[in-house]
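Trainee: predicted model and sequence follow; I will ask about them next.
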Amino acid sequence: MARPSDPELEVKILEAARRLWEKGGAGSLTMRAVARAAGTNTPAVYRRFRDRDDLLRGMLRRVRLEIAAELERAATVEEACEKYLEYALEHPWDYELFYQHNYELDHSPRAGEQVIRPARAVMKGKLQGRLGGSEKSQETMLTALWMLGHGAAMLLIDKSIAPKEAPEARKVFSAAVKALMKEADFLSKLKL
């Protein structure tokens, strides 16, 4: 008689993979190690994820959804930018996965699925609600905010900005986001 399948096994596998990733990065993420950490066997992992890249894509989907949920809770664009930076600093390993493997996994010939970027959609909605305007202008503003947030995150994560200077750097980041949005608000009113 066949063993009943565990409906939560995929979640357990992804959580185990995340723990391994946090401990040792990409080098620690083998299908066998993930199976062991999830309390299952390697064939069970392969039934849910065809290879390591597919497993990384599963992890990446979870990170994207978590970031989008954080942004969704923000009342303003400025607050969303703060939440983005907070997520990166509180989850540096997930953030590393998000940026080191985002492009290669999305554009792999084996990706085989439409790429969903929920955080981008959330931010575009917030910008549309606040600024209106064309999709091109929203894309430009979104790219500017993303570059600012990612730059701040990486400088703080890799300690290019000394930890003792991090609070001041966070204030500079917040002021830059506010200045960018103030200018965007001004320009959006001129176009009315």
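Mentor: Perfect, thanks for sending it.
Trainee: tell me the helix or strand right after the lowest-mean-pLDDT helix or strand in the chain.
Mentor: Within the chain, no helix or strand scores below helix 102-106, which has a mean of 67 by mean pLDDT, DSSP states H and E. Using DSSP states H and E, the helix or strand that follows helix 102-106 in sequence is helix 118-131.
Trainee: list of residues touching that next one?
Mentor: By C-beta atoms under 8 Å, 6 or more residues apart in numbering, the list of residues contacting helix 118-131 from outside reads 64-65, 67-68, 71-72, 74, 76-77, 80, 84, 135, 137-139, 141-142, 145-146, 181, 184-185, 188. From N, CA and C alone the C-beta is placed, and that goes for glycine too.
Trainee: centroid residue for the chain?
Mentor: By C-alpha atoms, centre = their mean, the chain has its centre lying nearest to Arg64, at 4.3 Å.
Trainee: so it sits against Tyr99, correct?
Mentor: No. Assessed by C-beta atoms under 8 Å, Arg64 is found out of contact with Tyr99, at 11.6 Å.
Trainee: ranges for the helices of the protein?
Mentor: 9-24, 31-38, 42-48, 52-72, 77-90, 92-100, 102-106, 118-131, 135-157, 166-190 (DSSP state H).
Trainee: against which helices or strands is the first one packed?
Mentor: When you say that, I think you mean helix 9-24. Packing partners of helix 9-24 (3 or more C-beta pairs under 8 Å, 6 or more residues apart in numbering; DSSP states H and E): helix 31-38, helix 42-48, helix 52-72, helix 92-100.
Trainee: what residue ranges in the protein are flagged as low confidence?
Mentor: For the chain, applying pLDDT under 70 flags the ranges 1-5, 103-116, 191-192.
Trainee: thinking again about what came up before, now list the buried members of the contacts of helix 118-131.
Mentor: 64, 67-68, 71-72, 74, 77, 80, 84, 137-138, 141-142, 145, 181, 184, 188 (16 or more other C-beta atoms under 10 Å).
Trainee: using PDB, write down the CA coordinates of stretch 51-63.
Mentor: The C-alpha trace of stretch 51-63 is given here as PDB (Å, rounded to 0.1, in the frame of the first residue of the first chain):
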ATOM      1  CA  ASP A  51      16.300  20.200 -10.000                       C
ATOM      2  CA  ARG A  52      18.200  22.600  -7.800                       C
ATOM      3  CA  ASP A  53      17.300  25.600 -10.000                       C
ATOM      4  CA  ASP A  54      13.600  24.700  -9.700                       C
ATOM      5  CA  LEU A  55      14.000  24.500  -5.900                       C
ATOM      6  CA  LEU A  56      15.700  28.000  -6.000                       C
ATOM      7  CA  ARG A  57      12.800  29.300  -8.100                       C
ATOM      8  CA  GLY A  58      10.400  28.000  -5.400                       C
ATOM      9  CA  MET A  59      12.400  29.800  -2.700                       C
ATOM     10  CA  LEU A  60      12.500  32.900  -4.900                       C
ATOM     11  CA  ARG A  61       8.700  32.900  -5.300                       C
ATOM     12  CA  ARG A  62       8.300  32.800  -1.500                       C
ATOM     13  CA  VAL A  63      10.700  35.700  -1.100                       C
END
